[in-house]
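Visitor: Sequence and predicted structure are below.
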Amino acid sequence: MDGRILADHVERCLLCGESGKPVYKNLPDRLFDVPGTWDIWGCSSCDFRWLTPRPLADEIPKLYASYYTHETPDMDTRRLRLRKHIKDAILGTVLHYDNIALSRSSRRLGKVLGLLPFFRNRVLSAMMFIDGAWRGKLLDVGCGNGLFLAYMRKYGWEVAGIEPDPDEARIAREKYGIQVVAGDLKDSPLEEESLDVITMNHVIEHFADPIAQLKECRRLLKAGGKLVLAAPNIRSLGLRFYGPSWFNLDPPRHFYHFSPRSFRTCAERAGFRVQSLRTISRSSRVSWSGSHLIQKNGKWPGINPRHISLGLRLEGRMLMTVDKLLIPLLRESGDEILMIATKDGGPGR
């Protein structure tokens, strides 16, 4: 890509207004060769980090010109049918998705597998940890091609999406018939207090003002509505191991970097009550493999993470397993932060 990215230097912490200090300096784009180098600054008081210089709003589309799209798997394969059967059995017996028609044997299977953390967590992860008891109207911000929303609609949700990539938004509308707005939350035609759940899966770190986005989410949610967020964790084992080569730093696309503490602070500043907050290791095999390539070669070769070599996938899976085993001992070591927050009654702070 040719052409300089216009950007502003950001010195002060969004949360407290104090001047930060450089944590990592002169990082290139290791994934898609956007020109320039980027620093990551941090505020030790708030446990918060940010990208500087930060690309201007009009420059943001250039950061994603070569970005991999969200591929849709072949949903008719035997393997996917088996996974769906197991998923439905668990959802219909232990996660309150009582609209799923199950045979007696499937109910027995669901009750048994639902007791096993491996199976239960895999299913919860695929559902963005959304309980069927919350069922109603769901908005996914940064919904990609709409595959997640298509799944959720099958399980009884009324769904809509926001997606900044117009091509992905078009695919979601044409392939799945889902109402998807190409843009961001301010472009949404949804009415105030009209939603039961909003999800953001590795999206909040891309916004220039994450607290403003969370306030907009709060405006759209009904009283008692849920906000489910997942984002990379700067207290993770992966960042401690790889430092500036950590895949999830992703300069210049990730504008902010959260710890569990700063993640909570952002939600509370937006007027939410944090219901649960923990770290998880859901997709860290990609993070570990990508970090290994960046440390070794100085870059990830700009490929979709689905296409990494078998050897690296196995290595990443092994390290992800170690990460999962350590989370009960080192509670902040997981590669991602997962937060569920609730909109209580009354005006936002």
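Guide: In hand now; what should we look at?
Visitor: which strand of this protein spans the most residues?
Guide: strand 221-232 (DSSP state E).
Visitor: partners of that strand in the sheet?
Guide: Its sheet considered, strand 221-232 pairs with strand 195-201 (parallel), strand 336-342 (antiparallel) by DSSP bridges.
Visitor: Walk me through the domains of this structure.
Guide: Domains of the chain are assigned by automatic domain parsing as 7-63, 128-342.
Visitor: can I get those domains in JSON lines with distance to Asn99 and mean pLDDT?
Guide: (Each C-beta comes from the backbone N, C-alpha and C, glycine too.) Below are the domains of the chain laid out as JSON lines (distance: least, Cβ to Cβ, whole Å; pLDDT from 0 to 100):
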{"stretch": "domain 7-63", "distance to Asn99": "40", "mean pLDDT": "95"}
{"stretch": "domain 128-342", "distance to Asn99": "5", "mean pLDDT": "90"}
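Visitor: can you redo these as a markdown table with distance to Ala89 and mean neighbour count?
Guide: Output for these, formatted as a markdown table (distance: least, Cβ to Cβ, whole Å; neighbours: other Cβ atoms under 10 Å):
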| stretch | distance to Ala89 | mean neighbour count |
| --- | --- | --- |
| domain 7-63 | 38 | 17 |
| domain 128-342 | 13 | 19 |
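Visitor: now the strands: where do they sit in this structure?
Guide: Under DSSP E, the chain gives strands at 7-8, 21-28, 37-43, 48-52, 54-55, 137-141, 158-163, 179-182, 195-201, 221-232, 256-258, 273-280, 336-342.
Visitor: Hey, what's the angle from the second one to strand 37-43? Just curious.
Guide: Between the axis of strand 21-28 and that of strand 37-43 there is an angle of 160 degrees, by axes from the mean of the first three to the mean of the last three Cα atoms, to 10 degrees.
Visitor: Using CSV, list the CA coordinates for strand 21-28.
Guide: What follows is strand 21-28 as a C-alpha-only set of coordinates in CSV (Å, rounded to 0.1, in the frame of the first residue of the first chain):
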residue,chain,number,x,y,z
LYS,A,21,4.5,6.8,28.8
PRO,A,22,5.7,4.6,25.9
VAL,A,23,5.4,0.9,26.4
TYR,A,24,6.4,-0.3,22.9
LYS,A,25,7.9,2.0,20.2
ASN,A,26,8.2,1.9,16.4
LEU,A,27,5.9,-1.0,15.7
PRO,A,28,5.1,-1.6,12.0
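Visitor: Which strands border it, and is each parallel or antiparallel?
Guide: strand 37-43 (antiparallel).
Visitor: and the strand it pairs with, how far from the chain's centre?
Guide: 21 Å (Cα atoms, centre = their mean, to the nearest Å).
Visitor: same question, stretch 230-242
Guide: For stretch 230-242, the distance to the chain centre is 14 Å (Cα atoms, centre = their mean).
Visitor: Now tell me what touches it from outside.
Guide: 47, 49, 128, 200-205, 246-249, 254, 257-260, 263, 279-280, 282, 284, 287-288, 291-292, 294-295, 323, 326, 330, 332-339 (Cβ atoms under 8 Å, 6 or more residues apart in numbering).
Visitor: Dig out what Glu163 forms beta bridges with.
Guide: Bridge pairing for Glu163 - DSSP bridges - gives Ala182.
Visitor: could you check the distance from it over to Gly183?
Guide: Distance, Glu163 to Gly183, by Cβ to Cβ, to the nearest Å: 8 Å.
Visitor: Arg153 too?
Guide: 21 Å.
Visitor: show me what contacts the residue nearest to Arg269 when sequence neighbours are not counted?
Guide: Once flanking residues are discounted, Arg269 sits nearest to Ile211: 5.2 Å by Cβ to Cβ, 6 or more residues apart in numbering. The neighbours of Ile211, taking Cβ under 8 Å, 6+ apart as the test, are Leu14, Cys266, Arg269, Ala270.
Visitor: do that again at 10 Å, thanks
Guide: Leu14, Leu15, Ile204, Tyr256, Thr265, Cys266, Ala267, Glu268, Arg269, Ala270, Gly271 (Cβ atoms under 10 Å, 6 or more residues apart in numbering).
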